[in-house]
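Asker: kindly return the folded structure for what I paste below:
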Amino acid sequence: MSAVALGARARPIERVVLGAALLASAGLVWVVTGQWLAVVAFAAGLIGLGGIAWFITRQTPDSSAPEFALPDWSVTVAAIDRADVAIAVTDRAGRLVCANPLYEKWFTAQQAPPRLAVDNASLERLAKAGRAAWRDGRGAADLVESSEGRWKASALRAGRGDDYLVWTIAPLTPPDLVAELVPHLDGKLGRALSQAGFAAAIVDPDGKLRAASAGFASRATGDPAALLTGQEFTALLRQDERDQISWARDGKRGASLSLFYLPVSDPDARAAPDYDNTPSLILIADHGVGIGSGGGEASAAVPHLEALLGQLPLGLAMADRDGRLLFANAAFMRAAGKDGEVPPTYPTDLVVQEDKGTISDAIRRFAQGPAASGDLAVRLRGQPEEPVTLNLAGVRGLGEAAVLLGLTDNTEETRLKRQVAQATKMQAVGQLAGGVAHDFNNVLTAILGTCDLMLLRHTPGDSDYDDIQQIRANSNRAASLTRQLLAFSRQQTLRPEVLQLPDVLSDVSHLLKRLIGEKIQLTVTHDRDLGPVRADPSQLEQVIVNLAVNARDAMLAKSEHGGKLTLATKKVSAADVARMPGGIMPLADYTALVVQDTGSGIAPDHLGKIFEPFFTTKDLGKGTGLGLSTVYGIVKQSGGFIFADSELGRGTTFTVYLPVHHADPNAPVAELAAPVEAPVQQWSGGGRLLLVEDEDMVRAVAERALTRAGYTITTASDGDEGLELVKSGAQFDMIVSDVVMPAMDGPSMVREIRKLRPDLPVLFMSGYAEEQLRKEIDIDSVEFLPKPFSVQQISDKVGAVLAAAKS
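Answerer: Residues are numbered from 1 along each chain as shown. Coordinates of the predicted model:
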């Protein structure tokens with residue numbers, strides 16, 4: 001009968017015994033005291049204590065549930081006693097509960113997994129396996145290594161409460177490398193070796209062929225499909241009296257061969273390979289195709305090759321299979337920023353720490369297998385912010401040299417890239433500035449026009465007159481800022497003339513002396529035989545004034561005693577331009593303006609930003625940041641170039657190059673003379689005008705100004721509406737139109753109207769440069785009025801256009 005059943009029968013007997021003991025105790029109390037009250041109290045107390053005990057212990061196990069005996073670990077040890085794997089059981093505290101004899105032999109009973117006497121990487125893998133087993137029920141470590149052997153381990157969570165891990169540790173059997181290699185000789189590896197000029201075969205220690213590639217069979221027998229397994233390897237080759245080896249089927253005229261012997265042994269095996277009983281992979285190639293053994297003809301050719309590479313302007317170096325630098329020519333060291341220095345031991349010494357491993361891996365990769373080439377982006381220690389391209393190519397047959405390295409000195413290329421990026425940025429900023437200025441000009445046109453109309457109703461004695469004048473003056477200041485933005489974006493209206501730079505300097509020198517003050521010494525020099533330039537004289541004066549004022553501020557910031565400002569003109573020939581670095585300017589003759597000061601200089605990190613609008617190093621409120629940007633735009637719009645050279649504490653030099661103007665030899669001499677403006681013709685006959693403007697405020701101001709001047713005005717808000725008015729038969733004496741409008745713009749509208757009224761005068765209003773607009777719209781007989789304009793200016797311009805059309 002089971003222990004569970006015996007326990008069930010014992011419980012009724014226990015109850016009877018307990019009842020008898022209770023009655024006997026009550027009787028004893030009555031005999032001693034003789035009082036029934038004491039007996040009842042005693043019995044009640046015993047019953048209460050018994051009830052409490054019953055309540056605490058009432059959760060008794062189900063009689064039907066099995067009762068487990070304590071584990072007998074000796075039985076477990078007997079069950080896990082295996083001769084092929086080590087097994088150990090650990091609890092949640094990581095203690096070794098039991099293990100089989102093989103575990104004790106390999107790791108001893110003092111060590112419990114995962115804390116075994118193995119290397120650090122294996123300890124980490126075992127710890128991960130243990131954590132995975134506690135979490136997921138299973139875990140594994142693919143490789144566990146120590147000086148005693150190599151194993152793989154797995155852990156399984158077990159027990160009634162999942163309180164134990166069962167570790168199984170099995171030895172890793174060494175791979176059969178020959179069996180793994182044989183299929184590859186008939187696959188891609190064999191074909192790749194054949195394409196590289198190698199015939200491959202596996203030869204057993206007894207000298208018989210285990211396997212051979214199709215290339216080997218083809219060279220040995222002439223039949224790529226020949227079955228050579230089991231044949232004597234040496235029977236397929238012959239050796240002449242000079243110990244030269246060739247294919248037996250080729251006879252005495254066969255080409256000599258190079259043989260390379262590679263024992264097929266486990267590279268991770270701790271014991272030294274037994275070469276007498278190890279199969280071999282033998283590679284056979286025609287003499288000279290080999291991998292290079294460091295001797296013979298290949299070694300003799302290396303010094304000649306180094307002498308040749310040393311004379312080349314390309315940066316070239318050679319490294320061996322271990323990554324050592326065998327040779328580096330002067331161009332290579334110059335490109336690496338180590339001009340004139342001795343080449344380092346390793347090419348990795350030339351790059352930043354983060355790129356060392358990448359170069360080492362690449363050299364090892366290109367030093368093995370068939371010859372190949374590739375590129376690698378690295379950062380040199382001397383210029384870590386500018387990646388350069390390192391070319392690598394595997395070479396064969398050059399002794400120790402295994403990899404050819406190429407490095408190009410791209411300092412000039414980097415500089416040109418920066419210049420192109422800067423020019424692109426300046427162009428983008430210029431487009432933005434031009435768009436902002438154009439939109440702002442519309443606002444200023446409305447403000448100035450409204451002020452003019454209000455001034456017509458107020459006399460100088462009125463209380464509002466001075467306020468209106470102040471608004472108008474501030475608006476004119478804002479208009480000058482927009483003109484500077486348009487100058488930077490090369491969208492302002494220029495009136496170029498053929499002139500001599502010395503004449504412009506002479507005209508502006510008196511103004512400069514007042515601007516720079518008495519503390520600044522002004523020196524002006526001129527070169528001889530200067531060529532004429534074509535530029536707007538007023539804008540050129542603006543360039544000189546802005547540069548001089550900047551120089552004055554820099555010199556006074558350095559010393560309160562001032563400094564020296566030098567203005568000079570120079571002749572620059574096309575030959576001089578060809579000798580300049582960078583090749584930015586086209587080959588041509590130039591006249592240069594040089595502005596040099598002895599001020600504080602410009603910091604290198606600021607030098608690339610000085611021509612950007614609103615960039616200034618002056619204190620807050622002391623500069624708009626538009627001076628140099630205006631200079632840049634005027635010079636560029638005039639077809640010239642401007643460069644700045646500066647040194648902190650020494651001063652700054654600005655050089656402006658303007659192309660020499662070569663007049664057409666067939667043109668009359670009078671072409672070089674400055675144009676004489678014709679007198680403005682007066683018009684007082686009124687007329688019917690079509691005013692087309694998309695900005696409501698500008699249209700309203702222009703309509704009021706022209707109506708006041710006696711014209712009959714019909715307005716349209718865009719080109720489509722204006723064209724419909726003309727098509728509907730309305731008669732107009734002139735069209736006044738904006739250029740840029742939504743939907744149909746002004747030029748498109750005028751082209752369609754000219755098909756109906758070819759002789760109709762047109763006046764365009766625009767904030768963009770007249771010269772640029774004429775090139776873009778390409779419409780004959782049109783006039784331009786720049787924004788912002790006053791009431792008087794638009795009235796006078798319309799009258800002049802009508803007078804010219806009627807004359």
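Asker: neighbouring contacts of stretch 210-219?
Answerer: 178, 181-182, 185-186, 189-191, 193-194, 198-204, 220, 223-226, 228-229, 247, 279, 284 (C-beta atoms under 8 Å, 6 or more residues apart in numbering). In short, each C-beta sits where N, CA and C put it, glycine included.
Asker: using PDB, write out every CA atom in it.
Answerer: Once non-C-alpha atoms are left out, stretch 210-219 reads as follows in PDB (Å, rounded to 0.1, in the frame of the first residue of the first chain):
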ATOM      1  CA  ARG A 210      42.200  13.100 -54.400                       C
ATOM      2  CA  ALA A 211      40.500  15.700 -56.600                       C
ATOM      3  CA  ALA A 212      41.500  18.100 -59.400                       C
ATOM      4  CA  SER A 213      39.900  21.200 -61.100                       C
ATOM      5  CA  ALA A 214      38.800  21.200 -64.700                       C
ATOM      6  CA  GLY A 215      41.700  23.500 -65.500                       C
ATOM      7  CA  PHE A 216      44.200  20.900 -64.000                       C
ATOM      8  CA  ALA A 217      42.600  18.100 -66.000                       C
ATOM      9  CA  SER A 218      42.700  20.200 -69.200                       C
ATOM     10  CA  ARG A 219      46.400  21.000 -68.800                       C
END
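Asker: residues making contact with stretch 233-251?
Answerer: 201, 203, 207-209, 219-222, 228, 252, 254-257, 259, 282.
Asker: let's see 7 Å
Answerer: For stretch 233-251, contacts defined as C-beta atoms under 7 Å, 6 or more residues apart in numbering pick out 201, 203, 207-209, 219-222, 254-257, 259.
Asker: now the end-to-end length of it.
Answerer: 16 Å (C-alpha to C-alpha, to the nearest Å).
Asker: same thing with stretch 232-241?
Answerer: Length of stretch 232-241, first residue to last, C-alpha to C-alpha: 21 Å.
Asker: stretch 752-764 too?
Answerer: 15 Å.
Asker: re earlier: pull out the buried residues from the contacts of stretch 210-219.
Answerer: Buried subset of the contacts of stretch 210-219 (neighbour count, 16 or more other C-beta atoms under 10 Å): 178, 181-182, 185, 190, 193-194, 198-204, 220, 228, 247, 279, 284.
Asker: just the buried ones from the contacts of stretch 233-251, in ChimeraX syntax?
Answerer: To isolate the buried ones among the contacts of stretch 233-251 in ChimeraX, judged by 16+ other C-beta under 10 Å, type:
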select :201,203,209,219,220,221,254,257
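Asker: reformat the contacts of stretch 233-251 as TSV; add distance to residue 89.
Answerer: Below are the contacts of stretch 233-251 laid out as TSV (distance: C-beta to C-beta, whole Å):
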residue	distance to residue 89
201	51
203	49
207	52
208	51
209	51
219	61
220	59
221	61
222	65
254	68
255	67
256	66
257	61
259	56
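Asker: among the contacts of stretch 233-251, which are in strands?
Answerer: 201, 203, 209, 257, 259 (DSSP state E).
Asker: of these, the lowest pLDDT goes to which?
Answerer: Lowest pLDDT of the ones in strands among the contacts of stretch 233-251: residue 259, 75.
Asker: which element is the closest residue to that residue other than its chain neighbours on?
Answerer: Distances taken as C-beta to C-beta, 6 or more residues apart in numbering place residue 284 nearest to residue 259, at 5.6 Å, with adjacent residues excluded. In this assignment (DSSP states H and E), residue 284 forms part of strand 280-286.
Asker: so what's the residue count around the residue nearest to residue 185 when sequence neighbours are not counted?
Answerer: In space, residue 185 comes closest to residue 213 once its chain neighbours are excluded; the distance is 4.6 Å by C-beta to C-beta, 6+ apart. Residue 213 has 25 neighbouring residues, counting by other C-beta atoms under 10 Å.
Asker: residue 134 contacts residue 157, correct?
Answerer: Yes. The criterion here is C-beta atoms under 7 Å, and residue 134 meets it with residue 157 at 6.4 Å.
Asker: and stretch 142-161, what's buried?
Answerer: 144-145, 150-155, 157.
Asker: with stretch 136-143 instead?
Answerer: 139-141.
Asker: inside strands: which ones of those?
Answerer: 139-141.
Asker: any chance of those residues in TSV, plus distance to residue 729 and pLDDT?
Answerer: Below are these laid out as TSV (distance: C-beta to C-beta, whole Å; pLDDT from 0 to 100):
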residue	distance to residue 729	pLDDT
139	94	92
140	94	92
141	96	91
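Asker: could you single out the nearest of those residues to residue 99?
Answerer: Nearest to residue 99 out of these is residue 141 (C-beta to C-beta; 17.1 Å).
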